[in-house]
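S.K.: Got a predicted model here, sequence first, then my questions.
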Amino acid sequence: MGDLLADIADVGRDAKRGGYSRHAFAPAELELRQWFTAEAAKRGLDVQADRNGNLWAWWGKPGRNAVVTGSHLDSVPGGGAFDGPLGVVSALQAVDVLRAKGFVPTRPFAIVVFAEEEGGRFGVACLGSRLMTGAISAQAAASLTDPDGVTFGEAAHKAGFDPLRMGRDDRALSMIGDFVELHVEQGRGLDVPVGVASSILAHGRWRFSFTGEGNHAGATLIEDRRDPMLPASRMVLAARKAATGGARATVGRLIPNPGGTNVIASSVDVWLDARAEEDARTREVVAEITAAATRAAEDEGCSLKVTEESYGDTVHFDAGLRDSLAEVLGGVPALPTGAGHDAGILAAHARTAMLFVRNPTGVSHAPEEFASSDDCAAGVVALATTLEHLAT
Ligand SMILES: [Zn+2]
């Protein structure tokens, strides 16, 4: 059936940023939905949209407890070619592989394309699966706006969906017996073509506000200063020091107030993104950074306030499914991922697994994102083997 990724290589290219900008319900993503519908139809699959903007392509009769695979077709602004579409095209190609060998699923079987997985247009990631599972209400989703002020409700309506009928969909959820999402790996966690996911890291964001005394950079003697930039800097270093054993701690944003070259800042806000495999370890890393930041603030006569802005527990994919897939695929490694996925949202509702395809550079959410065609082909074979195992 040819190289399906090459078929869509020209859709939604971003001339300014490079790579692709395929935003939910915008022209490029709508074109990809039409392309998917046509490809599914070519294979005799029956495509239906659910009421939350997700597309389902059924191989045979729709039914409960189905084997479901798929991913998303939208991208971040200036994203790569693989994040999302690789899972969708691999699902179509896995059906080709299974058909060619005469396989007929004994369970209902579907490919699903989730809407607005990246949150690239309306700001909330995994919106289609969050709506389906009730993790976000229809009302809250409908009022999300894109950078042009268009609401999700308006965009969905224009694309043929009724925002008033969106929200938790128990019927769709009951259809999903096992969900397997194939995805390009987004770090450098794989040194073989394919692996299975063990978990999604626990992750959160914290704001550290250091307050001292704003003053004149020339007239204030060093010993008279209470400069919040000092503890803020020591906190950045403490974050790096605390992130050991696979934990991640990042300061990517720091705002001094008022922010003048010849002004000792009166306060500094520092945002910490911290992630680790287990909840307890994530908390421990943040506690260690907080303790160091508190000591640093005291040393400089400053005060510190720490605010947790968001937190998500570790998602553990079904251990039995993970282990059986690793075995069926010939002993492939299991690895955690630092990125969020629809499979993570569904994990609380169905047996869920993920397959990762090697990313040799570890670059993702950027035009340079890459996976070799040999590894992508290995991904299709692994997905076909997985689906055959589950649907036999
Ligand atoms: Zn993705």
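M.R.: Sure, I can see it.

S.K.: CA atoms for contacts and neighbours, from now on please.
M.R.: OK.

S.K.: how about the residue in the stretch 151-300 of the chain that the ion sits nearest to, what does it touch?
M.R.: Nearest residue of the stretch 151-300 of the chain to the ion: residue 183, at 6.6 Å (Cα to the ion). Counting by Cα atoms under 8 Å, 6 or more residues apart in numbering, residue 183 touches 71, 82-84, 86-87, 354-357.

S.K.: Over to it. Which of the three states is it?
M.R.: With DSSP: H, G, I helix; E, B strand; the rest coil as the basis, residue 183 sits in strand.

S.K.: Report all helices and strands that the helix or strand hosting residue 31 contacts.
M.R.: According to DSSP states H and E, residue 31 maps onto helix 27-42. For helix 27-42, the elements it packs on are strand 46-49, judged by 3 or more Cα pairs under 8 Å, 6 or more residues apart in numbering; DSSP states H and E.

S.K.: Residues in contact with the strand it packs on: which ones?
M.R.: Strand 46-49 is contacted from outside by 37, 40-41, 55-60, using Cα under 8 Å, 6+ apart.

S.K.: Repeat that for stretch 127-147.
M.R.: 52-54, 114-117, 119, 121-123, 151-154, 163-170, 172-173, 342, 345-346, 349.

S.K.: and the residues you listed, which of them are in strands?
M.R.: Mapping the contacts of stretch 127-147 onto strands (DSSP state E) picks out residue 114.

S.K.: now the contacts of stretch 127-147: which count as buried?
M.R.: 52-54, 114-117, 119, 121-122, 151-154, 163, 166-169, 172-173, 342, 345-346, 349 (16 or more other Cα atoms under 10 Å).

S.K.: Now residue 188: closest residue in space, sequence neighbours ignored.
M.R.: The shortest distance from residue 188 to any non-neighbouring residue, by Cα to Cα, 6 or more residues apart in numbering, is to residue 362 (4.5 Å).

S.K.: show me the contacts for that neighbour.
M.R.: Residues in contact with residue 362, defined by Cα under 8 Å, 6+ apart, are 185-189, 369.

S.K.: Of those residues, select the buried ones using a PyMOL command.
M.R.: Buried residues within the contacts of residue 362, by 16+ other Cα under 10 Å, are selected in PyMOL with:
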select buried, resi 185+186+187+189+369
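
S.K.: pLDDT for the contacts of residue 362 - can I get that in JSON lines?
M.R.: Output for those, formatted as JSON lines (pLDDT from 0 to 100):
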{"residue": "185", "pLDDT": "96"}
{"residue": "186", "pLDDT": "94"}
{"residue": "187", "pLDDT": "91"}
{"residue": "188", "pLDDT": "91"}
{"residue": "189", "pLDDT": "91"}
{"residue": "369", "pLDDT": "95"}
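
S.K.: Cool, thanks, signing off.
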